[in-house]
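Novice: the following comprises the amino acid sequence and a computationally predicted model.
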Amino acid sequence: MSLLELRDVTRTVIPPDQPALTILNGVDLTVESGDRISIVGRSGSGKSTLLNLLGLLDMPTSGLLTFDDRPVKSYSSAARDRVRGAQIGFVFQQFNLLPGRTALENVAMPLLYAEGRSFWRRKKLAADMLEEVGLGNRMESMPDRLSGGEQQRVAIARSLVRGPRLILADEPTGALDLDTGSSVMQLIDDVATRTGAALVTITHDPAIAARARDHFRLDRGVLTRAESAELAAESGAVS
Amino acid sequence: MRRAFTSLVGAVIEAWQELRVHRTRVLLSLIGVAVAVCSLTTVVALGGIVQQANQELSERQSGRPASLFVSAYSNQGTAIDSATMDATWAETLARYDITYGSRVMQTAQAVPFTTGVVDVQTQAVDQPYGEMHRVRLTEGQWFTDEDAAGLAPSLIVNQIFWERLGSPELRTHPTVELGAQGGRPGTTAVIVGVYPVGSYETEPAMFMLADQLSAMTAARPSAVVQDPYGGGGSTRYEMWVPPAISDQLMEVVKRDFSSALATPGGGTGGIQVDVYRQDYAQYGDDPFLVTKLVVGGIAVLVLLLGALGLVNIALVTVKQRVREIGIRRSFGATAGRVFFAVMMESVVATIAAGAVGVIAAVLLVQNPWTKDLIGQGLVSDFPPFPAEAALLGLVAATAVGALAGLLPALVAVRVKVIDAIRY
């Protein structure tokens, strides 16, 4: 049973007074639990649109998108939001922590949309998660008092606090230096391994992409499988 | 059900966090709402006081609802015996157990002041008149049974009268000579009370008891002079009865008076008896409708201005919060939840501001300085702060919060999540 599957997915938009623009064209991708997938692509290649679809934030124009083998089209909008909240965790390039809230409040935020014990014990769960990413001593710190690496750790804790089965990392090291980026990727890898979650990393950095087991390249809306050696070579050329 | 409950609690927590984080902005926007609600509540409450002042003024002039007036006249132009009229009046009051009834006679009495003798406009009334016409005194008290039984007539004089005497202490029982002329002594009367005057009054005036006037007139017919204001002559008979039975009473009182004044032969002998209402509520319509509409119109305008300010701030705020809304959506906040949270934030804030506005309005309206300014000495029963004004203030604040939250909430749910996050 696949966690997420895209079959011949196309996404077209119609800009005002212009002909239809195909952003994604015939995309096929299967994500299973525990997968480590990287998708590389230049700016404008359709990465954001693909991220929207993988995160159930958008619907394909044509083709099939399923989550847990169920067509996403059959979900209501609210149900899709709930599935996303419970099953998918986002890690963003710019961290996107909520300003004015402590690290603890930021990590507890997704649990405000949970139910039952997760909702009522959100502070405890958030504190445990911050301990897990090594920020037990910064729980009451505001985002602007944290370093870039610490902010990304808080963001990782936030994306994992509801125990998602799929982690979508969008340029997770884009705003970090090389060493910090490497340790953050290691952390994401470790946590994903421990929880058994699938990790899909969207990046333009071949070195980050090379850490995954399955590699894809997105070019002008077309997704193709890339070989590890190819990425490793690019990574070497970049570094 | 459990999901709805956790959603509600979650939305309140979100709203509270939002208010806490953006407290400066919230405070600024709330000042506008609090001022608007305070203005609305104050205007409505002051409108109530003005209405009460108008009502009391009307009641002083033409009686409280329902005031019935009885008059009788002869079609042949002959005078109707006042003793018969008085007796019939007394019988009628007793028969229908009417507590509040008074004769009213307009006369004038010559009163010597230090500046000379002045013909003072005099209203001779019965004891219940003070309650019936809300006569308010600044000194002393309205006629008592003791005053009625006194040998010397009692007087309640207006402020101008009292000041012309040098504002004597009433506990010293100041007296004046009524009808003193050409060295002949007049009738000594005792001043027992002083009533305030309106700004339009410039002459001394007074009340005395009708029975005491009759007794004085009988003893010294020359004491009464022609009322210079044209009120002299006939006696007016006035009763204050429950409005619900006023129509019925008008019929039976007319019948009783017609019967009592009938000639021995059985006919009415050309005597016409009229019983009619003259109080402000006689036509059943709300006589203060215009006042209410004007006050209401001003209040709505004030509130609309406050609401516009709030909507403006709320819209700008949501535009600034697009990224945050996008982040929340990506972590599972449904569109409904975002809508509810933004609305809740606005409503919670405006309810708090509304409460502050209402408290400020109560302090503003109920302080003695405002009462003096608005009442202008005309209001004796100052109404308590109207509960409906306070309620209106809170309801208006909630409605403004919901309205002001609606537009931003609609903007919030239309946020495209990934665009917002990458924005």
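Specialist: Right, received. Where do you want to start?

Novice: can you give me the helices for the chain?
Specialist: Looking at chain A here, since you left the chain open. Assigned by DSSP state H, the helices in chain A fall at A:47-54, A:77-87, A:103-108, A:116-120, A:122-132, A:148-160, A:178-195, A:206-209, A:228-238.

Novice: my bad, chain B
Specialist: Shown for chain B, the helices assigned by DSSP H span residues B:2-21, B:23-62, B:82-95, B:129-132, B:145-149, B:159-164, B:210-219, B:246-260, B:289-320, B:322-330, B:335-365, B:368-375, B:387-413, B:417-422.

Novice: can I get the CA coordinates of stretch A:133-153 in PDB?
Specialist: In PDB, the C-alpha atoms belonging to stretch A:133-153 read as follows (Å, rounded to 0.1, in the frame of the first residue of the first chain):
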ATOM      1  CA  VAL A 133      15.800  18.100  18.800                       C
ATOM      2  CA  GLY A 134      18.200  19.300  21.500                       C
ATOM      3  CA  LEU A 135      16.400  22.500  22.400                       C
ATOM      4  CA  GLY A 136      15.100  21.600  25.800                       C
ATOM      5  CA  ASN A 137      16.800  24.700  27.200                       C
ATOM      6  CA  ARG A 138      15.300  27.100  24.700                       C
ATOM      7  CA  MET A 139      11.600  26.400  25.100                       C
ATOM      8  CA  GLU A 140      10.700  29.900  26.200                       C
ATOM      9  CA  SER A 141      12.900  31.600  23.700                       C
ATOM     10  CA  MET A 142      11.300  33.800  21.000                       C
ATOM     11  CA  PRO A 143      12.300  32.900  17.300                       C
ATOM     12  CA  ASP A 144      14.300  36.200  17.000                       C
ATOM     13  CA  ARG A 145      16.500  35.100  19.900                       C
ATOM     14  CA  LEU A 146      17.400  31.800  18.200                       C
ATOM     15  CA  SER A 147      20.200  31.100  15.700                       C
ATOM     16  CA  GLY A 148      19.300  30.000  12.200                       C
ATOM     17  CA  GLY A 149      20.100  26.400  13.100                       C
ATOM     18  CA  GLU A 150      18.000  26.500  16.200                       C
ATOM     19  CA  GLN A 151      15.100  28.100  14.400                       C
ATOM     20  CA  GLN A 152      15.200  25.200  11.800                       C
ATOM     21  CA  ARG A 153      15.300  22.700  14.700                       C
END
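
Novice: for chain B, what's the longest strand?
Specialist: Of all the segments of type strand in chain B, defined by DSSP state E, the longest one is strand B:101-113.

Novice: where does the spatially closest residue to B:Glu251 that is not a sequence neighbour land on pLDDT?
Specialist: Taking C-beta to C-beta, 6 or more residues apart in numbering or on different chains as the measure, B:Glu251 lies nearest to B:Val275, with 7.9 Å between them; neighbours along the chain are not counted. Where C-beta positions appear, they are placed from N, C-alpha and C, glycine not excepted. B:Val275 carries a pLDDT value of 89.

Novice: which stretches of the stretch 251-400 of chain B have low pLDDT?
Specialist: Across the stretch 251-400 of chain B, residues meeting the criterion (pLDDT under 70) sit at B:263-269, B:282-288, B:292, B:374-381.

Novice: what residues does it put near chain A?
Specialist: By the rule C-beta under 8 Å from any C-beta of the partner chain, the part of the stretch 251-400 of chain B lying against chain A is B:323-324, B:327-337.

Novice: which elements pack onto the longest strand of chain B?
Specialist: In terms of contact count using 3 or more C-beta pairs under 8 Å, 6 or more residues apart in numbering or on different chains; DSSP states H and E, strand B:101-113 is assigned the packing partners helix B:82-95, strand B:116-125, helix B:129-132, strand B:175-178, helix B:210-219, strand B:224-225, strand B:235-240.

Novice: A:Lys73 is nearest to which of those?
Specialist: Ranking those by distance to A:Lys73, with C-beta to C-beta as the measure, places strand B:235-240 first at 78.4 Å.

Novice: and that closest one, which strands flank it?
Specialist: For strand B:235-240, the paired strands and their directions (DSSP bridges) are strand B:67-74 (antiparallel), strand B:101-113 (antiparallel).

Novice: and B:Lys254, how close does it get to chain A?
Specialist: Computed with C-beta to the nearest C-beta, to the nearest Å, the distance linking B:Lys254 and chain A is 75 Å.

Novice: tell me the contacts of that residue?
Specialist: B:Val70, B:Val273, B:Asp274, B:Val275 (C-beta atoms under 8 Å, 6 or more residues apart in numbering or on different chains).
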